[in-house]
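Enquirer: need the 3D shape of this:
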Amino acid sequence: MLKTVLPDFDLLESLRLEDGRIVLMEKHLSRMKRSADYFRYPFDENEVKQSLLAEARRMNDGLYKMRLLAAQNGHIRVESKPIKELTGKRRVCLAAASVSSQDLFLYHKTTHRQVYDLHKNSDPSYYDTLLWNEKGYVTEFTNGNVVCEMDGKLLTDSAG
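Expert: Got it, this is the predicted structure:
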């Protein structure tokens, strides 16, 4: 039996915290739980939720990016840093080469960022790089989600 050797990594979710309210918390928890099950990481959803809510109480005024990290041993870490709303247009570029739709780390949010680092444009005049796969489908940015407006609604698969 051939066994795939995986690099060391933590599971990762980035959540938006607005004035003490965690945006789409349940969806983010659900996605992390699916990844934890897939990689066989221990995941106590109640403990994770309590850690997030404790951080939200601590950072209850303003806008923050919360990073939820789950280690292979079950250790949970929550970090927060202030963010500023982006205004205006940003210049982005299309990745020079496709990513593989078979790449495991494009289906799970983790600290293993090799595929993103490989495709990120080094030109500082670009804000981000848009990834696409060998089938020609746009997938995501190297450092963000794709958001589309359809019928007046903003749609993304960011916590899907």
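
Enquirer: make it CA atoms for all contacts and neighbour counts henceforth
Expert: OK.

Enquirer: show me where the chain has helices.
Expert: Secondary structure of the chain by DSSP state H: the helices cover 25-39, 45-58, 114-119.

Enquirer: got those as TSV, with distance to Cys148 columns?
Expert: Formatted as TSV, those follow (distance: least, Cα to Cα, whole Å):
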stretch	distance to Cys148
helix 25-39	19
helix 45-58	28
helix 114-119	21
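
Enquirer: can you say which of these is packed in most?
Expert: Comparing those by mean neighbour count (mean count of other Cα atoms under 10 Å), helix 25-39 ranks first with a mean of 17.

Enquirer: list of residues touching it?
Expert: Helix 25-39 is contacted from outside by Leu11, Leu12, Glu13, Leu15, Pro42, Phe43, Glu45, Lys49, His108, Lys109, Ala159, Gly160, using Cα atoms under 8 Å, 6 or more residues apart in numbering.

Enquirer: closest to Leu154 out of the helices of the chain?
Expert: helix 25-39 (16.4 Å; Cα to Cα).

Enquirer: and the closest one, C-alpha only, in PDB?
Expert: Extracted as PDB, the C-alpha positions of helix 25-39 are listed here (Å, rounded to 0.1, in the frame of the first residue of the first chain):
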ATOM      1  CA  MET A  25     -18.800  31.700  11.800                       C
ATOM      2  CA  GLU A  26     -20.900  28.500  11.400                       C
ATOM      3  CA  LYS A  27     -19.900  28.100   7.700                       C
ATOM      4  CA  HIS A  28     -16.300  28.600   8.600                       C
ATOM      5  CA  LEU A  29     -16.500  26.000  11.400                       C
ATOM      6  CA  SER A  30     -18.300  23.600   9.100                       C
ATOM      7  CA  ARG A  31     -15.500  23.900   6.400                       C
ATOM      8  CA  MET A  32     -12.800  23.500   9.000                       C
ATOM      9  CA  LYS A  33     -14.600  20.400  10.400                       C
ATOM     10  CA  ARG A  34     -14.700  18.800   6.900                       C
ATOM     11  CA  SER A  35     -11.000  19.400   6.500                       C
ATOM     12  CA  ALA A  36     -10.200  18.100  10.000                       C
ATOM     13  CA  ASP A  37     -12.200  14.900   9.200                       C
ATOM     14  CA  TYR A  38     -10.400  14.600   5.900                       C
ATOM     15  CA  PHE A  39      -6.900  14.900   7.400                       C
END
